[in-house]
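**Student:** Take a look and give me a structure for this.
(2 chains)
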Amino acid sequence: MTRIPELVCPAGALPALKAAVDNGADAVYIGFRDDTNARNFPGLNFGPDDARKGVEYAHRAGKKVLLAVNTYPQPHNWPIWTAAVDRAAALGLDAVIMADPGLLRYAASRHPDLRLHLSVQASATNHRALEFYHQRFGIRRAVLPRVLSLQQLWHTIAHSPVEIEVFGYGSLCVMVEGRCALSSYITGRSPNGSGVCSPAEAVRWEETPQGRQSRLNGVLIDRYGPGEAAGYPTLCKGRYHTEGRPYYAIEEPTSLNVLDILPELVQHGVAAIKVEGRQRSPAYVASVTRALRTALDTCAADPRRYQVREEWAAALDRLSEGQCHTLGAYHRPWQ
Amino acid sequence: MNTHATSYPPIRLPALPSLPRWPLFLAVRSIPEPLLADAAARIMNRLLGERSADLAPLEGRRLSIEGTDVGKRLHFLVAGGKLRRGSTAMTDLRIRGTLADLLRLGLRLEDPDTLFFSRRLSLEGDTVTGLSVKNLLDGLDLDWAEACQRLFGPLAGPAVAQGLHRTGVAALLRDRLERILGRS
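**Tutor:** Residues are numbered from 1 along each chain as shown, chains lettered A, B, ... in the order given. Sure thing, here's the model as predicted:
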């Protein structure tokens, strides 16, 4: 019998965690309220009390809670990262999602029972890299960056010593996911070090007669005409004058959505499907979780007769960045 | 004990037409801005309850919220760990939208990013303040179990909460609100 992938949903706070659990997530991933995770936004994430309540809530419902400690510590702030790992073990979290090899080693030696997942931030894209992390640190699962085509994904799964988790829905990243330092060009900070592409203090939204403008550290990133959908103010999703016209020269604001290829993901043995968006609201988490839960259950019941229902696609598109979706790198047959 | 772990079938609600929203609009239009701001601040402080520490990063910040279709602009100030009515002087953050969309935002019926991306909501000023406000709203844990425990005590509280959950009263309330505001 084919195993149905685990549905892994995001939570930036307790209400979103509850929304994920109530709407059918198998696991919820969270972050602590500091720069040890890649969604370090003001007022977001879990303090110690909320983390404890979240774990209790999920475990009573028989669901898991995973913790992202997936940024890279520097020598001067190393103890903050190891403290996060220690807290994860003490709270009884079901796994910690990490990228830094030093930190992985710390967790593996200090907390041998703690389950380790390799974060997308580690940017491991082939089975030999996964073998290394598995041998050295005993990782049990890896989250693959959204840069592989389906053929590359099948090959990696077939040879991987660990479970494979892939992104199923949410805003997309540029092609060097996990190694991106593009935003540091303007802000001096990058997701790997500070847990944020566009630090809020560097972002400025302006409503002008020409439309809505977004600026990052004073640099104009984009201007949206009246009624035109806006996107996140990240450097990679701005429109720049390229060959004389403003254009999404790096990345378009759109969302990944794997509803169309769900049976193939199941058939090839994907262990878990991840939803992006710890920065989003409980309303987003509830809608996306519900749609994907229904789709996965439908697929499980009869993969051959599986068809994407219009209401799932509509529910997901409405919440998408750019309000449209793509299969991203999954459908790049030339890769 | 936990009241959410078991899921109960949701109540099937009859498909009724939208409820009229003019009484709500009339009320908001006819109440003076300072009174509306006072009432909103009081509700927010009550909801925050023990979590008032979450307001700390906003200390000293001035916000304005403008209902573009009802011609109202409310001013707030965070001072002494509480949200208070503010003056009409400068603001750090200006939030604008229709009354229905502002209520959807405040009642968490709609995802704020979706409202913002689809241009139904505008946020101008200090982005740190904007994100803090958004995440404060998203983080408010309106917990039936805890509220019932406070109201009915540790013995009866959990039973009442479970009963409420079983009846799907939250879903019912949400449906009514959505019908007043109109589904987006």
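**Student:** Identify the residues contacting residue A:107.
**Tutor:** Residue A:107 makes contact with A:85, A:96, A:98, A:114, A:116, A:137, according to CB atoms under 8 Å, 6 or more residues apart in numbering or on different chains. No exception for glycine: its C-beta is placed from N, CA and C like everyone else's.
**Student:** what helix or strand is it on?
**Tutor:** For residue A:107, the host element (DSSP states H and E) is helix A:101-110.
**Student:** and that helix, average pLDDT?
**Tutor:** For helix A:101-110, mean pLDDT rounds to 98.
**Student:** Dump that helix to PDB, restricted to CA.
**Tutor:** What follows is helix A:101-110, C-alpha atoms only, in PDB (Å, rounded to 0.1, in the frame of the first residue of the first chain):
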ATOM      1  CA  PRO A 101      26.500  21.300  10.300                       C
ATOM      2  CA  GLY A 102      28.000  22.500  13.600                       C
ATOM      3  CA  LEU A 103      24.600  22.800  15.100                       C
ATOM      4  CA  LEU A 104      23.500  19.400  13.700                       C
ATOM      5  CA  ARG A 105      26.600  17.900  15.300                       C
ATOM      6  CA  TYR A 106      25.800  19.600  18.600                       C
ATOM      7  CA  ALA A 107      22.200  18.300  18.600                       C
ATOM      8  CA  ALA A 108      23.300  14.800  17.500                       C
ATOM      9  CA  SER A 109      25.800  14.500  20.300                       C
ATOM     10  CA  ARG A 110      24.000  16.300  23.100                       C
END
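**Student:** centre of the chain versus the helix or strand just after it, how much separation?
**Tutor:** Once helix A:101-110 ends, the next helix or strand along the chain (criterion: DSSP H and E) is strand A:116-118. Strand A:116-118 sits 14 Å away from the centroid of its parent chain (CA atoms, centre = their mean, to the nearest Å).
**Student:** List the strands paired with strand A:116-118, with their directions.
**Tutor:** Paired strands of strand A:116-118, with direction, are strand A:95-98 (parallel), strand A:141-143 (parallel) (DSSP bridges).
**Student:** Report the mean confidence score over that strand.
**Tutor:** Average pLDDT, strand A:116-118: 98.
**Student:** same check, this time on stretch B:64-80
**Tutor:** Across stretch B:64-80, the average pLDDT comes to 94.
**Student:** One more: stretch A:227-245?
**Tutor:** Stretch A:227-245 shows an average pLDDT of 87 in the prediction.
**Student:** do it and chain B meet?
**Tutor:** Yes. Interface with chain B: stretch A:227-245 contributes A:227, A:228, A:229, A:230, A:231 (CB under 8 Å from any CB of the partner chain).
**Student:** Can you list the buried residues in that stretch?
**Tutor:** Going by neighbour count (16 or more other CB atoms under 10 Å in any protein chain shown), the buried part of stretch A:227-245 is A:229, A:230, A:231, A:232, A:233, A:234, A:235, A:236, A:237, A:238, A:239.
**Student:** again, but for stretch B:25-32
**Tutor:** So for stretch B:25-32, counting by 16+ other CB under 10 Å, buried means B:25, B:28.
**Student:** Can I get that stretch in PDB, CA atoms only?
**Tutor:** Extracted in PDB, the C-alpha atoms of stretch B:25-32 (Å, rounded to 0.1, in the frame of the first residue of the first chain):
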ATOM      1  CA  PHE B  25     -22.800  50.900   8.800                       C
ATOM      2  CA  LEU B  26     -25.400  53.300  10.100                       C
ATOM      3  CA  ALA B  27     -24.200  52.700  13.700                       C
ATOM      4  CA  VAL B  28     -20.600  53.200  12.800                       C
ATOM      5  CA  ARG B  29     -21.400  56.400  10.800                       C
ATOM      6  CA  SER B  30     -23.500  57.900  13.600                       C
ATOM      7  CA  ILE B  31     -21.100  57.300  16.500                       C
ATOM      8  CA  PRO B  32     -18.500  60.000  17.000                       C
END
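**Student:** And the furthest pair within the buried residues of stretch A:227-245?
**Tutor:** A:229 and A:235 (18.7 Å; CB to CB).
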